[in-house]
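# return atomic coordinates for the entry below.
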Amino acid sequence: YTTGTDFTANTFTVYNRLVEFERGSTKVEPGLAEKWDVSPDGLTYTFHLRHGVKFQTTSFFKPTRDFNADDVLFTFNRMLDPNQPFRKAYATSFPYFTDMGLDKLITKVEAVDPYTVKFTLKEVNAPFIQNMAMEYASIQSDEYAQQLLKAGKAADINQAPVGTGPFIFRSYTKDATIRFDGNPDYWKPGAVKISKLIFSITPDAAVRVQKLKSNECQVMSYPRPADIAPLKADSNLDTPSQPGFNEGYVAYNTTKKNVDNVEVRRALDMAINKKAIIESVYQGAGQSAIAPMPPTEWSYDKNLKVQPYDTAAAKALLAKAGFPNGFEMNLWAMPVQRPYNPNARLMAEMIQADWAKIGVKANIVSYEWGEYIKRGHAGEHDAMLIGWTGDNGDPDNWLGTLLGCEAVNGSNFSH
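Sure, this is the predicted structure:
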């Protein structure tokens, strides 16, 4: 799945990438590649791999060699080639990779020698290095993959992960805990400061706060907006914050009857009281979006104008579009709290009430989070609450990934 939950609980603990983002920024630094060269025509990227990097030893895998070019080839060819043996044994999709069009951009990945890998591109791609630092590009062990293939257990690559990262996966108890050990062989000396890391899966934000206050857990994320001030006032707790690099939105499925009409979508948008949503759902800790990216993105255009909140004008526009008496549709609300939406159910109820004023009856629908994403990719919704947290600081990470043709059936939930 392409969700921040998966990245936090797996990608950044277990794995590394060829290049990495400097912590807290979108500036790229060397990762499993010590350095890289770009050809003068911008079509060839050559990565020089780090020597002596060890894959993790676990109860289910004991590596016999260090990380090398074979692992890079396995990682990327699995995404590129539908006939690659592991891909055939464990059929899966790679939404990030395909949403960004990398399956069409990368024409070849080859090993020049055991510690040098060359990527050839079809055309020049400005954010290619930033894209290579993103989560989907986490390097897998080819040796482990071959072991799984031989044992007929290819799907275990998801449930029993092996990487070169700072923490070693130990166990997962559904809806309860994920346990990791600090990696004693991590290639960044002194970087791993703790020996045990436990994710205590706690969907309720109020319970997370109680666990933090009682020192049952030491770090929590996504407080309810209403809890931020009391948390900041507690002298025993540190509450760092910064402007979010995210955006929450309604994705109207443009392939569905009624919402395929742009005037209908404009009417629905004008009918939503966004100011009330910011006050009630975000408790003031948010701002109205005027662009398909947040103001923390360098290419944000602050001159764009939003439609005013105007129920009467929305109703008139709906009548002009051929719906004087409105219509019925479904509105999906995610079951989990996200950085871009602390309470999707409440937001959906407020939108439902706003739309009722223009004669549109919205039925609120929800599914388990994984199912919600899967069905959204398939385009089953009329409209759904969703959002995005930026990855690499490039505007294409918003425009291409969320609105581009390659991303239909992926993160382009508007289709």
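
# which parts of the stretch 101-250 of the chain are strands?
Along the stretch 101-250 of the chain, the segments classed as strands by DSSP state E, counting those that start in this stretch run 106-113, 116-121, 167-173, 177-182, 196-200, 246-252.

# show me what the fifth one is packed up against.
Translated: strand 196-200. Where contact means 3 or more CB pairs under 8 Å, 6 or more residues apart in numbering; DSSP states H and E, strand 196-200 is packed against strand 177-182. C-beta here means a position set from N, CA and C on the backbone, and glycine is covered the same way.

# same check on the third one?
Helices and strands in packing contact with strand 167-173 are listed as helix 12-14, strand 177-182; criterion 3+ CB pairs under 8 Å, 6+ apart.

# helices or strands up against the last one?
Using 3+ CB pairs under 8 Å, 6+ apart as the contact criterion, the neighbours of strand 177-182 among helices and strands are strand 167-173, strand 196-200.

# just name the most buried of the ones you listed.
The highest average neighbour count among these, using mean count of other CB atoms under 10 Å, belongs to strand 167-173 at a mean of 18.

# show me what that strand pairs with in its sheet, parallel or antiparallel.
Strand pairing for strand 167-173, using DSSP bridges, gives strand 177-182 (antiparallel).

# mind listing what's buried along the partner strand?
Residues 178, 180-181 are the ones in strand 177-182 that count as buried (16 or more other CB atoms under 10 Å).

# stretch 155-164 too?
156-157, 160-164.

# who are the contact partners of residue 111?
Residues counted as contacts of residue 111 (CB atoms under 8 Å, 6 or more residues apart in numbering) are 69-70, 72-73, 117-118.

# can you rerun that using 10 Å?
Neighbour list for residue 111: 49, 68-70, 72-73, 117-118 [criterion: CB atoms under 10 Å, 6 or more residues apart in numbering].

# likewise for residue 384?
By CB under 10 Å, 6+ apart, the neighbours of residue 384 are 249-253, 330-334, 344, 348, 365-366, 372-373, 375-376, 413-414.

# can you select the buried ones from those in ChimeraX?
Here is the ChimeraX command that selects only those of the contacts of residue 384 that count as buried (16+ other CB under 10 Å):
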select :249,250,251,252,253,330,331,332,333,334,344,348,365,366,372,373,376,413,414
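
# before we move on, the earlier item: tell me which of the helices and strands packed on strand 167-173 lies nearest to residue 389.
helix 12-14 (13.2 Å; CB to CB).

# the helices and strands packed on strand 167-173: lowest mean pLDDT?
Ranked by mean pLDDT, the helices and strands packed on strand 167-173 bottom out at helix 12-14, with a mean of 93.

# next SSE after that one?
Next in sequence after helix 12-14, counting helices and strands by DSSP states H and E, comes strand 19-21.

# partner strands of that next one, with direction?
Applying DSSP bridges, strand 19-21 is found paired with strand 28-30 (antiparallel).

# beyond the strand it pairs with, next helix or strand please.
strand 33-38.

# name the residues of that following strand that are buried.
Within strand 33-38, the residues that qualify as buried are 33, 36, counting by 16+ other CB under 10 Å.

# and it, which strands flank it?
Applying DSSP bridges to the sheet, strand 33-38 is found paired with strand 44-49 (antiparallel).

# so what touches the partner strand?
Here strand 44-49 makes contact (CB under 10 Å, 6+ apart) with 18-19, 30-39, 66-69, 71-72, 106, 108-109, 111-121, 125, 128-129, 132, 139.

# helices and strands around the next helix or strand along the chain from that strand, which ones?
From strand 44-49 onward toward the C-terminus, using DSSP H and E, the following helix or strand is helix 69-80. Counting contacts by 3 or more CB pairs under 10 Å, 6 or more residues apart in numbering; DSSP states H and E, helix 69-80 is packed against strand 44-49, helix 85-89, helix 95-99, helix 102-105, strand 106-113, strand 116-121, helix 142-150.

# next one: phi and psi at the residue of the chain most remote from its centre?
Going by CA atoms, centre = their mean, the residue of the chain most distant from its centre is residue 324, 39.2 Å out. For residue 324, the backbone dihedrals (degrees, to the nearest 10) come out as phi -60, psi -30.

# residues near the residue lying closest to it once chain neighbours are set aside, how many?
Spatially, and ignoring its direct neighbours in sequence, residue 324 is nearest to residue 318 (7.4 Å; CB to CB, 6 or more residues apart in numbering). Using other CB atoms under 10 Å, residue 318 has 27 neighbouring residues.

# please apply the same query to residue 45.
22.

# same thing with residue 208?
Neighbourhood size, residue 208 [other CB under 10 Å]: 22.

# for the one 4 residues further on, same thing?
Other residues near residue 212 come to 21 when the count uses other CB under 10 Å.

# where's it relative to residue 25, distance?
26 Å (CB to CB, to the nearest Å).

# show me where pLDDT drops low in this structure?
Flagging of the chain using pLDDT under 70 yields the residue ranges 1-2.

# one more pass at 50, please.
Nowhere does the chain drop to pLDDT under 50.

# and the contacts of strand 44-49, which of them are buried?
Buried positions within the contacts of strand 44-49, assessed by neighbour count (16+ other CB under 10 Å), are 18-19, 31-33, 36, 66-69, 71-72, 106, 109, 115-119, 121, 125, 128-129, 132, 139.
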